[in-house]
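Student: Task: produce atomic coordinates for the following.
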Amino acid sequence: MNRTAQKRALVTCFALAGCFSLFSFRLIELQVTKHDEYATLAAQNHVTRQTIPARRGLIQDIHGESLAQNEPIRTVVADATLLGDRAAAADLLSTALGIPHPQVMEKLNREVYSQALKKNVPSPYIVLKKEVPESVASDLETQLAEHKLRGVYFEPSATRIYPNEQMLCHVLGYVNGQNVGMDGVERTMEQFLRGHDGFRYSERDRTGKEIVPYRGQEKDAHNGCNVRLTIDMGLQNIVEMELDAAIKQFHPKSATVILMQPKTGEILALANRPNFNLNVQEGVPEDHRRNRAITDGIEPGSTFKIVTTAAALTEKVVHAGTMINCENGYFASMKLHDHHPYPDLSVHDILVKSSNIGAAKLAIQLGDQRFFDYVRRFGFGDRTGVDLPGEIGGTVHPLHMWSKFSISRIPMGQEVQVTPLQITTAMCAIANGGHLMMPQIIHEISDDQGRTISRFPPQEVRIVASKSATDAVRDALVDVVSPKGTAALAHVVGFKVAGKTGTAQKYDEKTHLPSHERYTVSFVGFMPAEDPAFVCLVLIDEAQVAHDKNYGGMVSAPVFSRIAEKAARYLGLKASVEEPAGSVVAGRNVHMDVSDQ
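Tutor: Numbers count the residues shown, from 1 in each chain. Below you'll find the predicted structure:
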């Protein structure tokens, strides 16, 4: 072989060796150095992680009626790596989903940078529209299949709906866009309602179809638990209807009604106005979202006298027949007036006539410390502990902040701030013989198979008054709902009703002096008085009525009467009182003492 041929052969060998070396180095780079990177790319193109959404638990009333439930929906997504005829797909998607054609095309053609790999990779997950109704998604899926268009998928999901719309809105609460509870029971029971999503890894072929035998790791979704409330929707409907009627009649700034079972503390119905539609979250004023039954502090007015009287009777500083000098309507040393001049009243009649001076003298006999202790014992100044968010404890000033007049003002419901629920709970203690019960809104929690996980039995907080004292207070409250008391309009035919009126004068925001036009009026009572089935509070803030009619006995008591009458019929309560022949019912042509401030 001549030298030229040798050189050619040598060059060829070195060239071949160099090529094979380069290929070897590249192979090592692909198989070893960059193995993980390209394996991830392959997985992204063929293996997907599918979320298996958990069903959020239902909220039900005491009888199992659904109050918050889930409606199946779909999220329409596109896989950019599998999209074929994007223009044709965009035509179908635009029409079916109601999205402008250019907007669909922009989404389908968009390229997203993969931050993990620092590569320019078409996004395999393009969200086209969320919350698409099941029927729309099904029709679109059929059309795509008919046109042999692939790369568009429909992920199952659900949206929260509330069948009763505004009804019970402040108790139920609502969820946000991520299906997380934001208020009410939806928020307090979030850990039970939400459930836990599952997942599945699956591999798809080049047409986008799942290769079932290659399905990888899978974890089932764990659905949320169902929460059953103490609310009875039959009673809730009665309360809501009568509250709406009161709003139309009196045009108040706000109003609250609470219905409770006094022996157990179970809340049977609760409603506030203003309210809102739980299915429409946009544009709802924050003022409408407030659960005023637990978030608003008010001066209770004369309803607070039940605490003063029960304390004095329990401590035996007086008895029901003890006569108290009511100073003919003016207590000079305390600068305190009654609406009517009474010379002497029994403890019984102090409640019946709602004497401010009489209540003040009962508290003075108790003394600052003992009276303060009873106010706190009845739960004022503390949260009740109900399973609803946003509850306040109200305001009860410590003794060192009391003025010399406080001992005469607090007994009549001034200088304190309480919530409507606290007043209702206090009246429950009078109705059940002196036991302060924790308000209950949750009855039980069960899993999606119906197995009970947790029950919420009645909880007694403490005994706040003696049985003999509450019996005496009850007897007086029965006379309150009579022609000689302040709440004749709370009367219910065939039943003995016990209750107390309250009229709290509000302060003018500009002058900071008591207003002669703005009042918060209330009535809280129970029925039947001898064996109460429920306690009901009706509170109306700033009713638009004449000054001489703006009293708890004139505004709130008739609302109580209508609610109580319908509730008795719904609960099947048997009438126990025969009305005297020719009697005038519901306060018509009855002289009524309205001194309930």
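
Student: Could I get the average pLDDT for the host helix or strand of Glu240?
Tutor: Assigned by DSSP states H and E, Glu240 belongs to helix 233-250. Helix 233-250 carries an average pLDDT of 98.

Student: Also stretch 10-30?
Tutor: Mean predicted confidence for stretch 10-30 is 71.

Student: By residue count, tell me the biggest helix in this protein.
Tutor: Looking across the chain with DSSP state H, the single longest helix is helix 3-28.

Student: can you map out the helices along the stretch 1-150 of the chain?
Tutor: 3-28, 35-46, 86-97, 101-109, 134-146 (DSSP state H, counting those that start in this stretch).

Student: Then the stretch 451-597 of the chain?
Tutor: Secondary structure of the stretch 451-597 of the chain, counting by DSSP H, counting those that start in this stretch: helices at 467-480, 552-571.

Student: now for the first one, which elements pack on it?
Tutor: With contacts defined as 3 or more Cβ pairs under 8 Å, 6 or more residues apart in numbering; DSSP states H and E, helix 467-480 has these neighbours: helix 305-314, helix 347-353, helix 420-431, strand 498-507. From N, CA and C alone the C-beta is placed, and that goes for glycine too.

Student: Mind listing residues that contact that helix?
Tutor: If you take Cβ atoms under 8 Å, 6 or more residues apart in numbering as the criterion, helix 467-480 is touched by 306, 309-310, 313-314, 319-320, 347-352, 354, 429-434, 465, 485-487, 496-501, 525, 529.

Student: Can you list the helices and strands that the helix or strand following the helix holding Glu240 packs against?
Tutor: Remark: after helix 233-250, the chain's next helix or strand is strand 254-260, criterion DSSP H and E. In this structure, strand 254-260 packs against helix 233-250, strand 267-273, helix 292-295, helix 420-431, strand 534-541, helix 552-571, with contacts taken as 3+ Cβ pairs under 8 Å, 6+ apart.

Student: Please name whichever of these is nearest to Ile442.
Tutor: Closest to Ile442 of the helices and strands packed on strand 254-260 is strand 267-273 (Cβ to Cβ; 9.7 Å).

Student: Next, find the distance separating Ala472 from Val347.
Tutor: 8 Å (Cβ to Cβ, to the nearest Å).

Student: Show me where the stretch 101-250 of the chain dips below the pLDDT cut-off.
Tutor: For the stretch 101-250 of the chain, the stretches with pLDDT under 70 are 110-125, 201-217.

Student: got a list of what Pro100 touches?
Tutor: Pro100 sits in contact with Ser94, where contact means Cβ under 8 Å, 6+ apart.

Student: can we see that at 10 Å?
Tutor: 94, 106 (Cβ atoms under 10 Å, 6 or more residues apart in numbering).

Student: Distance of it relative to Ala68?
Tutor: Counting by Cβ to Cβ, the gap from Pro100 to Ala68 is 34 Å.

Student: Next: Asp287.
Tutor: 23 Å.

Student: related to what we said a few turns ago, return every residue with contacts to both of Ala472 and Val347.
Tutor: 309, 313, 318-321.

Student: Next, format the residues you listed as TSV and append pLDDT.
Tutor: What follows is these, written out as TSV (pLDDT from 0 to 100):
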residue	pLDDT
Thr309	98
Leu313	98
Val318	97
His319	96
Ala320	96
Gly321	96
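
Student: Of those, select the buried ones using a ChimeraX command.
Tutor: A single ChimeraX command suffices to select whichever of those are buried according to 16 or more other Cβ atoms under 10 Å:
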select :309,313,318,320
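
Student: ok, back up a step: check which helices and strands the helix holding Glu240 sits against.
Tutor: Applying 3 or more Cβ pairs under 10 Å, 6 or more residues apart in numbering; DSSP states H and E, one finds that helix 233-250 contacts strand 66-78, strand 254-260, strand 267-273, strand 534-541, helix 552-571.

Student: for the ones you listed, which one ends up most surrounded?
Tutor: Comparing the helices and strands packed on helix 233-250 by mean neighbour count (mean count of other Cβ atoms under 10 Å), strand 534-541 comes out on top with a mean of 28.

Student: and the direction of it versus that of helix 233-250, what angle?
Tutor: With axes from the mean of the first three to the mean of the last three Cα atoms, to 10 degrees applied, the angle from strand 534-541 to helix 233-250 works out at 30 degrees.

Student: how far is strand 534-541 from where the chain is centred?
Tutor: Centroid separation for strand 534-541 versus its chain: 18 Å, with Cα atoms, centre = their mean, to the nearest Å.

Student: who does that strand touch, helix- and strand-wise?
Tutor: Counting by 3+ Cβ pairs under 10 Å, 6+ apart, strand 534-541 packs on helix 233-250, strand 254-260, strand 267-273, helix 292-295, helix 420-431, strand 498-507, strand 514-527, helix 552-571.

Student: Give me the sheet partners of that strand and which way each runs.
Tutor: strand 254-260 (antiparallel), strand 514-527 (antiparallel) (DSSP bridges).

Student: how about the ones you listed in TSV, adding distance to Leu58?
Tutor: Compiled in TSV, those are given as follows (distance: least, Cβ to Cβ, whole Å):
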stretch	distance to Leu58
strand 254-260	23
strand 514-527	32
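
Student: what sits against Ser355?
Tutor: 302, 305, 324, 326-327, 329, 338-340, 342, 345, 349, 361-362, 412, 595.

Student: nope, His101 is what I was after
Tutor: Contacts of His101 by Cβ under 10 Å, 6+ apart are 87, 90-91, 93-95.

Student: residue ranges for the helices of the stretch 151-300 of the chain, please.
Tutor: Under the criterion DSSP H, counting those that start in this stretch, helices of the stretch 151-300 of the chain are mapped to 169-172, 184-188, 190-193, 233-250, 286-289, 292-295.

Student: Nearest to Val535, out of the ones you listed?
Tutor: Closest to Val535 of the helices of the stretch 151-300 of the chain is helix 233-250 (Cβ to Cβ; 12.4 Å).

Student: Alpha carbons of that closest one, as CSV, please.
Tutor: Extracted in CSV, the C-alpha atoms of helix 233-250 (Å, rounded to 0.1, in the frame of the first residue of the first chain):
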residue,chain,number,x,y,z
MET,A,233,-86.8,24.4,58.6
GLY,A,234,-90.5,24.3,59.4
LEU,A,235,-89.9,26.7,62.3
GLN,A,236,-87.3,28.6,60.3
ASN,A,237,-89.8,29.2,57.5
ILE,A,238,-92.3,30.6,60.1
VAL,A,239,-89.7,32.9,61.6
GLU,A,240,-88.6,34.2,58.2
MET,A,241,-92.1,34.9,56.9
GLU,A,242,-93.1,36.8,60.0
LEU,A,243,-89.8,38.7,60.1
ASP,A,244,-90.4,39.8,56.5
ALA,A,245,-93.9,40.9,57.4
ALA,A,246,-92.5,43.0,60.3
ILE,A,247,-89.9,44.5,58.0
LYS,A,248,-92.7,45.6,55.6
GLN,A,249,-94.8,47.0,58.5
PHE,A,250,-92.1,48.8,60.5
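
Student: List the buried residues of that helix.
Tutor: 233-240, 242-243, 246-247, 250.

Student: cool, stretch 437-456 as well?
Tutor: Of all the residues in stretch 437-456, those buried under the rule 16+ other Cβ under 10 Å are 437-447, 456.

Student: again with stretch 327-334
Tutor: So for stretch 327-334, counting by 16+ other Cβ under 10 Å, buried means 327, 329, 331, 334.

Student: ditto for stretch 182-195
Tutor: 183-190, 192-195.

Student: Now the terminal residues of that stretch, how far apart.
Tutor: Length of stretch 182-195, first residue to last, Cα to Cα, to the nearest Å: 16 Å.

Student: ditto for stretch 149-168
Tutor: End to end - Cα to Cα - stretch 149-168 spans 46 Å.

Student: Stretch 536-548 too?
Tutor: Stretch 536-548 end-to-end distance (Cα to Cα) = 25 Å.

Student: Figure out how far it is from the centre of its chain.
Tutor: For stretch 536-548 - counting by Cα atoms, centre = their mean - the centre lies 24 Å from the chain centre.

Student: Same check on stretch 315-324?
Tutor: For stretch 315-324, the distance to the chain centre is 42 Å (Cα atoms, centre = their mean).

Student: which residues sit against it?
Tutor: Contacts of stretch 315-324 (Cβ under 10 Å, 6+ apart): 309, 311-313, 342-351, 355, 357-362, 364-367, 370-371, 373-374, 465-466, 468-469, 471-473, 475-476.
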